[in-house]
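> everything below, folded, please.
(one chain, ligands or ions: 1)
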Amino acid sequence: MLVSWFFYVLLQEYSELLTPCYVYLNFSGLRGCCFGIANMILVKRMRETLYSALLFQDISFFDNETVGDLTSRLGADCQQVSRVIGNDLNLILRNVLQGTGALIYLLVLSWPLGLCTMMICSTLLIIMLLYGRYQKKAAKLIQEFTASANEVAQETFSLMRTVRVYGTEKQEVGRYKQWLGKIADISLRQSAAYGLWNLSFNTLYHSTQVIAVLIGGMSILAGHITAEQLTKFILYSEWLIYSTWWVGDNLSSLMQSVGASEKVFQLMDLLPSDQFISKGLKLQRLLGHIEFVNVSFYYASRAMVPVLQHVNISVHPNEVLAIVGLSGSGKSTLVNLLLRLYEPTDGQVLIDGFPLQELDVKWLRERIGFVGQEPRLFRMDISSNIRYGCTRDIKQKDVEWAAKQAYAHDFILSLPNGYKTLVDNDLLSGGQKQRIAIARALLRDPTILVLDEATSALDAESEHNVKNVLRALRSDLKTKRTVIVIAHRLSTIQAADRIVVMDGGRIVEMGSHMELLLKDGIYARLSRRQADAVA
Ligand SMILES: Nc1ncnc2c1ncn2[C@@H]1O[C@H](COP(=O)(O)OP(=O)(O)OP(=O)(O)O)[C@@H](O)[C@H]1O
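Predicted coordinates for the structure are as follows:
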């Protein structure tokens, strides 16, 4: 009897709530589907925006960010936002509508009772906001610690051979556990806060019932309301307080997601580097005349350490200039400035008489071939790796020509699928990867060719062959190009037109191989030491 009466009241009240919100509240499948689609579109768009915002930053930006941090922003953090859109927002909206409906109905039934319930709900809301703020802070910390833990794991996996050889597995587990400990500490506090939040809810929830019975009972005795109205009131106040609880619960989870996503939004808002925005000059023809005029430089992350000091060099078109010097003397930095990866702190780099900043950076880079110290290949087939970044219309025979020039053709043909073999980091030796990187640089037919320790991983014969290629490229009058070679192995650069010797960010000697030997300075000393080492 009591149960059927209860259902009767419930049905009657539900039918009274036939408002435009009814459709929203009751078609949960449709709602879920709409939020799911919105979520999918937004998260995809967010990842795209974030990824392209990152790719168009200055190189110095990547000096200050870790790979683990950035990848977790793209992965886990974007997923958090998806949770907000797909779940939390949906439930918050549903419960706000339901709670508002219940509150209006309660005030209509009995405004003193309605006001009391509203006060209790307001207290609950204040506690909820404080709890939400705490959760936001905690989530931000957890996100940071998780990124650091990921960074440690990523580093350890990528240096697995070193870890194994030095037997530091336990030490690495310890390093990882340190971050996990910090995450656990915050999670523990989060759980305690959740417990407190639940306790407050239960206390306040029961107090509504006590108030309803007390004030409602008195109102019945005074004849202000009927017993039926009080029953309805208790049902609706329960509805209201549960809606408030759900809003609070989802709001705190929303705050957690907002905390975790704050950095994502900051990164998404980054403007592209100036060099991608400004439209520079495109010369009709690039001759390859490079000048460093009184160039000084320091890295922003180490502002107190001057890396280059008053460097003056003029490299003529079609000249082969070698740069040598002790490790850390600033050779690669000089090349970084030429590639406009960094801007000089003082002085200017000129190409064919034009300051680098005035030239269109894309146009210029298309005309520069670069082989770095540790060529790492992309996870694509060998042919695509050689074509990488080449904007000309390239045919397979061009790719093979470049591979032959770099003495890579034979070993490529010996691979299971030849030029179509998918490159895996472990598949090729350091020297083989370097030869593919040289082929990539040659295929661009660059006017300026920069080789930064490009032959360091080559065996003596391959190095000799590649040196011949460079010599041939130089003497080919149709393809004039300026070549800058950085090498530790002095045998590689003996034939260069000019050799620049660097020490502590300054140019200390300059001349041909013979001239520098006669000078009996740093170059002659380095040369003697290398000859002794070979002997
Ligand atoms: N991204 C960077 N951020 C801060 N300092 C850097 C960065 N890259 C290089 N340096 C510092 O600048 C100095 C010059 O480095 P650079 O790589 O130009 O020397 P190098 O002569 O090419 O050395 P090596 O022959 O070992 O490659 C070094 O002290 C190095 O620690």
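> wait, residue 453 touches residue 488, no?
Yes - counting by C-beta atoms under 8 Å, residue 488 is a contact partner of residue 453 at 6.6 Å. In this view, the C-beta of every residue, glycine as well, is placed from N, C-alpha and C.
> tell me which of these two has more neighbours.
For residue 453 versus residue 488, the count of surrounding residues by other C-beta atoms under 10 Å is larger for residue 453: 20 against 16.
> any idea of the pLDDT on that one?
In this model, residue 453 is scored at 79, pLDDT.
> all helices of the stretch 401-535 of the chain, in order?
Along the stretch 401-535 of the chain, the segments classed as helices by DSSP state H, counting those that start in this stretch run 409-413, 430-443, 460-475, 513-519, 522-534.
> mean pLDDT for those helices: which is lowest?
Minimum mean pLDDT among the helices of the stretch 401-535 of the chain: helix 460-475, a mean of 62.
> now for residue 506: which residues touch it?
Neighbouring residues of residue 506 by C-beta atoms under 8 Å, 6 or more residues apart in numbering: 308-311.
> can you count the residues close to residue 363?
Neighbours of residue 363 (other C-beta under 10 Å): 13.
> find the nearest non-adjacent residue to it, please.
residue 282 (4.5 Å; C-beta to C-beta, 6 or more residues apart in numbering).
> isn't that neighbour up against residue 360?
Yes - the pair residue 282 / residue 360 is scored as a contact, 5.0 Å apart, by C-beta under 8 Å.
> of those two, which one has the most company?
More crowded of residue 282 and residue 360, by other C-beta under 10 Å: residue 360, with 15 against 12.
> roughly how far apart are the one residue sitting closest to the centre of the chain and residue 77?
Per C-alpha atoms, centre = their mean, the C-alpha nearest to the average position across the chain is that of residue 70, at 2.9 Å. With distances taken as C-beta to C-beta, to the nearest Å, residue 70 is found 10 Å from residue 77.
> do residue 158 as well
22 Å.
> contacts only, for the residue nearest to the centre of the chain.
Residue 70 makes contact with residue 54, according to C-beta under 8 Å, 6+ apart.
> so it, which state does it fall into?
helix (DSSP: H, G, I helix; E, B strand; the rest coil).
> so where do the helices sit in the stretch 251-400 of the chain?
274-277, 331-338, 361-366, 382-387, 396-405.
> so which of those helices is nearest the ligand?
helix 331-338 (3.3 Å; C-beta to the nearest ligand atom).
> contact partners of that closest one?
Contacts for helix 331-338 (C-beta under 8 Å, 6+ apart): 59, 290, 292, 295, 297, 307-308, 311, 323-325, 342-344, 349, 356, 368, 370, 373, 448, 450, 452, 484, 486, 502, 505.
> can you tell if it touches the ligand?
Yes - judged by C-beta under 6 Å from any ligand atom, helix 331-338 comes into contact with the ligand at 331-333.
> now those residues in CSV, with neighbour count, distance to residue 147 and pLDDT?
Shown next, in CSV, are the residues of helix 331-338 next to the ligand (neighbours: other C-beta atoms under 10 Å; distance: C-beta to C-beta, whole Å; pLDDT from 0 to 100):
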residue, neighbour count, distance to residue 147, pLDDT
331, 25, 33, 91
332, 17, 28, 91
333, 22, 29, 92
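> ok, so of those, who is nearest residue 126?
residue 333 (56.4 Å; C-beta to C-beta).
> tell me the contacts of residue 43?
Counted by C-beta under 8 Å, 6+ apart, residue 43 has contacts 78-79, 81-82, 85.
> against residue 75, how distant is it?
In terms of C-beta to C-beta, residue 43 sits 11 Å off from residue 75.
> identify the residues contacting the nearest residue to residue 499 once chain neighbours are set aside.
Counting by C-beta to C-beta, 6+ apart, residue 499 lies nearest to residue 322, which is 4.6 Å off, once chain neighbours are set aside. Neighbouring residues of residue 322 by C-beta under 8 Å, 6+ apart: 484-487, 492-493, 496, 498-500.
> kindly recompute the last result at 7 Å.
485, 487, 493, 496, 499 (C-beta atoms under 7 Å, 6 or more residues apart in numbering).
> one more: residue 176?
149, 152-153.
> could you chop this structure up by domain?
Under the assignment automatic domain parsing, the domains of the chain span 2-268, 282-367+446-535, 376-445.
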